[in-house]
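Q: Any chance you can model this:
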Amino acid sequence: MTDVLMPRLSDTMEEGVLSQWRKHEGDPVHRGDVLAEIETDKAAMELEAYDDGILTRILVDEGTTVPIGTPIAVIDAPTTTTPQPASAAPTPTAEPTSATGTSTETTFRASPLARRLAREHGVDLAAVPGSGPGGRIVRADVDTAIAHGADIHPAHIPSPPAPIPSATPAPPPAAPPAMPRPAAPAIGPDTEEIPLTRVRRLTAQRLAQSAQHAPHFYLTRVVDAEPLLAFRTQVNTDLADTAIRVSITDLLIKASAQVLATHPEVNSSWDETRLLRHHHVHVGMAVALDDGLIVPVIHDADRKTLSQISRETHDLADRARAGRLSLDEITGGTFTISNLGMYGIDQFTAVINPPEAAILAVGAATATPVIRGGNPVAGTTMHLTLSIDHRVLDGATAAQFLAALVTLLEHPTRIVL
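A: Here you go, the predicted model:
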């Protein structure tokens, strides 16, 4: 008998919603079959079976929110007994194998996504402890190994010290006095309570975590946006016979990725007591939903052409609003861009998307007087505000990054070189 547990499907997941059972009680199950659909804090994911057998019991109803590690179903091993004639000599049987397989098999039990990531990053799965059911290695375990330079092995994890025997057990510590809860605001006849959606609740939790733990500071630069706007117009004219239409956000992603590649200090994150510098540039773009915010990620944005980025951003934004993004497409970001210019916002500051070190807030391109050749003339400018985690970056380093980005945006032909 094997318990099916709510797995940890992302690095920030603490609970999941069992949205739909794909198998039912009594159904035969093979390893790799999809048992259910799970909604995490980031995406809807499929839960695969880890063993062959029969799904004998479902412990959680559809729509239930379940903490990770909680049993949600039971799979019994299949029975394959073959009757033998009484006169026949007993047939020798092979030595029984444990339900979890050999120790080597257990070490390498990993999801297909975890295996692919391990291959791409050269991570030895034998050195990665699994946090999934039965010690299975999931994507979050490989991500942790990558962040730690793959220098992880179960033997490196110290065992907790053994308790010291005592003739007289110490009394349990007294519970702290309960703090009175603040009274909830009264809801009158003219007030409506709006139930929190999962996306809104999780968005609020992540942003509050960032504001509380990351010491923010902010730098603002004004960009002469006329060259950038003219360049975008020319690019879209040249691409008029294709399905590609480049946006300002596409240009910002491409330009930011190029500058991040040459300023790797900004392409970093804070991990408790360590500074992690990432060797891949993965740029997230904030997308507003009706019930919250989501950040799809353009992976390896510095290695992609402007047309590739444009196609990908439009596809990701459309599927984000339809709720059809995979976990891969919303994780792993190393830098984020939030553009509210299309809403007429001139300037704002954004909250860092943890664990990243910085986020770029982009305002609208607005007509304003500028000085050219010592004379005031009509121009178009755009405000960029960089929010920075002061644990990772100091002001001078962040200012150099922002200055390089402004220079590139004011000379946009360099973006495609």
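Q: what are the ranges of the strands in the stretch 101-250 of the chain?
A: Per DSSP state E, counting those that start in this stretch, the stretch 101-250 of the chain carries strands over the ranges 216-224.
Q: where are the low-confidence patches of it?
A: 101-109, 111-113, 132-134, 149-186, 196-199, 202-203, 206, 209 (pLDDT under 70).
Q: gap between stretch 48-56 and the chain center?
A: 28 Å (C-alpha atoms, centre = their mean, to the nearest Å).
Q: meant to ask about stretch 381-391, not that
A: The answer for stretch 381-391 is 22 Å, by C-alpha atoms, centre = their mean.
Q: Going forward, the N-terminal residue is numbered 56.
A: Okay, using 56 as the starting number, the last item reads as stretch 436-446.
Q: list the buried ones in that stretch?
A: By neighbour count with 16 or more other C-beta atoms under 10 Å, stretch 436-446 contains the buried residues 436-444. Yep, even glycine has a C-beta here, placed from its N, CA and C like the rest.
Q: what does stretch 175-187 give?
A: Neighbour-count burial for stretch 175-187 [16+ other C-beta under 10 Å]: 178, 180, 182-187.
Q: Also stretch 449-459?
A: For stretch 449-459, a neighbour-count test (16+ other C-beta under 10 Å) marks 453, 456-457, 459 as buried.
Q: closest to Gly388 among those residues?
A: Checking those against Gly388 with C-beta to C-beta, the nearest one is Phe456 at 16.6 Å.
Q: did I read that right, that closest one in a strand?
A: No. Per DSSP: H, G, I helix; E, B strand; the rest coil, Phe456 lies outside any strand segment and is helix.
Q: Please give me every residue in contact with it.
A: Applying C-beta atoms under 8 Å, 6 or more residues apart in numbering, we find Phe456 in contact with 314-315, 318, 320-321, 413, 441.
Q: How much space separates it from Leu110?
A: Here the criterion is C-beta to C-beta, to the nearest Å. By it, Phe456 lies 53 Å from Leu110.
Q: What pLDDT does the model give the residue nearest the centre of the chain?
A: Using C-alpha atoms, centre = their mean, the residue of the chain that lies closest to the mean C-alpha position is Thr386, 2.6 Å off. If you check Thr386, the pLDDT there is 86.
Q: Quick check: it touching Val352?
A: Yes. The criterion here is C-beta atoms under 8 Å, and Thr386 meets it with Val352 at 6.9 Å.
Q: and the gap between Met61 and His438?
A: Taking C-beta to C-beta, one finds Met61 at 44 Å from His438.
Q: Shouldn't Glu363 be within a strand?
A: Let me fix one detail, which is that residue 363 is Gln and not Glu. No. Applying three-state DSSP, one finds Gln363 to be helix, outside a strand.
Q: what packs against the longest strand along the chain?
A: Ordering each strand of the chain by length in residues (DSSP state E) puts strand 430-444 first. Counting contacts by 3 or more C-beta pairs under 8 Å, 6 or more residues apart in numbering; DSSP states H and E, strand 430-444 is packed against strand 271-279, helix 281-293, strand 413-417, strand 421-427, helix 450-465.
Q: hey, which of these is tucked in deepest?
A: The highest mean neighbour count among the helices and strands packed on strand 430-444, using mean count of other C-beta atoms under 10 Å, belongs to strand 413-417: a mean of 25.
Q: Quick one: mean pLDDT for it?
A: pLDDT averaged over strand 413-417 gives 97.
Q: same check, this time on stretch 462-472
A: 93.
Q: Just the C-alphas of that stretch, formatted as CSV.
A: Extracted in CSV, the C-alpha atoms of stretch 462-472 (Å, rounded to 0.1, in the frame of the first residue of the first chain):
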residue,chain,number,x,y,z
THR,A,462,22.2,54.6,-23.1
LEU,A,463,21.1,51.5,-25.0
LEU,A,464,17.5,52.7,-25.1
GLU,A,465,18.6,56.1,-26.5
HIS,A,466,20.6,54.3,-29.2
PRO,A,467,18.2,51.5,-30.0
THR,A,468,19.9,50.1,-33.1
ARG,A,469,22.4,48.6,-30.7
ILE,A,470,19.7,46.5,-29.2
VAL,A,471,19.7,44.2,-32.3
LEU,A,472,23.5,44.2,-32.9
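Q: Arg191 and Ile93, how far apart?
A: 15 Å.
Q: And Ala422, by the same measure?
A: 49 Å.
Q: Ok, Leu172 next?
A: Distance from Leu172 to Ile93, by C-beta to C-beta: 19 Å.
Q: Was I right to think Ala420 contacts Thr435?
A: Yes. Under the contact definition of C-beta under 8 Å, Ala420 touches Thr435, with a separation of 5.2 Å.
Q: Find residues that contact each of the two.
A: 280, 284.
Q: for whatever helix or strand Leu348 lives in, what is the average pLDDT?
A: In this assignment (DSSP states H and E), Leu348 forms part of strand 347-349. Summarised as a single mean, pLDDT over strand 347-349 is 82.
Q: what's that strand packed up against?
A: helix 253-268.
Q: Helices of the protein, residue ranges please.
A: In the chain, the segments counted as helices under DSSP state H are 158-162, 167-176, 194-202, 253-268, 281-293, 303-317, 361-376, 450-465.
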